[in-house]
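*Asks:* next one to model:
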Amino acid sequence: MKTNDLIAMLATEASATPTVSPLRRCAKATAAGVAISLALVLTLWGLNPELNALAHTQAFWVKVMWLLLTCTFAVPVVMHLARPGIAAGLGVWGVAAALVGMALLALMQVASVDADTGMQLMLGSSWQVCSASIAALSVPLLAALLWMLRGMAPTRPALAGASAGLMAGAIAGLVYSLHCPETAYAFLAVWYVAGMAVMAGVGALLGLRLLRW
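*Replies:* Presented below is the predicted three-dimensional model:
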């Protein structure tokens, strides 16, 4: 077979092979990770018995919306970095704005009370386990997102992995909210953000190893 004929045949086969869009691939990976994280939190942590009462408070929905916004802004960052030569995009600023916004809410909350109360708001009743729990629930999400990224072409593996870790941490924070009793902004700005930051670091390290061409 001539070289030109072989090239033409391969091109025809490639065009005939159905491809999954990057966004659909990301959606499938995220759904799989969420399903496993939900199963873990329900099995090992359990639902917060006061969840219904918490759901009637403003602070709970501020927490949920903050985590949803962080996830929403992280998605385009992951998708941009999954492709070669594409900048991280404006989603980075959205993520930064969400984090800074919660930090400002925390500062205003702490500034409105005395030092002892401010410390109590920051520590809550579960500071010892919060960040570790979020990190643990992030593992299946990060694994699924790294699998998704390996099927694409990231040229900045550390950044791609870090963005996947941050996204996994934010989604895990949402899942963990089914168990977590904490809604103080000072608590969220420290321990929830710490969990997300840890996973961003883990994602960066794994990205360097797993996402290289």
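*Asks:* from here on, just use CA atoms for contacts and neighbour counts.
*Replies:* Fine.
*Asks:* mind listing what's buried in the helix or strand in which Leu208 is found?
*Replies:* Here Leu208, judged by DSSP states H and E, is contained in helix 193-210. Applying a neighbour-count criterion of 16 or more other C-alpha atoms under 10 Å, one finds 193-208, 210 buried in helix 193-210.
*Asks:* and for stretch 22-35?
*Replies:* Quick answer for stretch 22-35 (16+ other C-alpha under 10 Å): 22, 25-26, 29-30, 32-34.
*Asks:* ok, now stretch 92-110?
*Replies:* 92, 94-95, 98-99, 102-103, 105-106, 109-110.
*Asks:* which of those sits closest to Lys63?
*Replies:* Distance to Lys63 across these (C-alpha to C-alpha) is lowest for Met102, with 8.9 Å.
*Asks:* which non-adjacent residue is nearest that closest one?
*Replies:* The shortest distance from Met102 to any residue other than its chain neighbours is 5.9 Å, reached at Ala189 (C-alpha to C-alpha, 6 or more residues apart in numbering).
*Asks:* now the one you found: how far from Leu145?
*Replies:* Remark: distance between Ala189 and Leu145 (C-alpha to C-alpha, to the nearest Å) = 25 Å.
*Asks:* can you check Val113 too?
*Replies:* For Val113, the distance to Leu145 equals 41 Å [C-alpha to C-alpha].
*Asks:* the more surrounded of the two?
*Replies:* The neighbour count for Val113 versus Leu145, taken as other C-alpha atoms under 10 Å, is higher for Leu145 (28 against 12).
*Asks:* next, the contact list for that one, please.
*Replies:* 26, 29-30, 164, 168 (C-alpha atoms under 8 Å, 6 or more residues apart in numbering).
*Asks:* beyond the host helix or strand of Phe60, next helix or strand please.
*Replies:* Using DSSP H and E, Phe60 falls within helix 58-81. Later in the chain than helix 58-81, the nearest helix or strand by DSSP H and E is helix 91-111.
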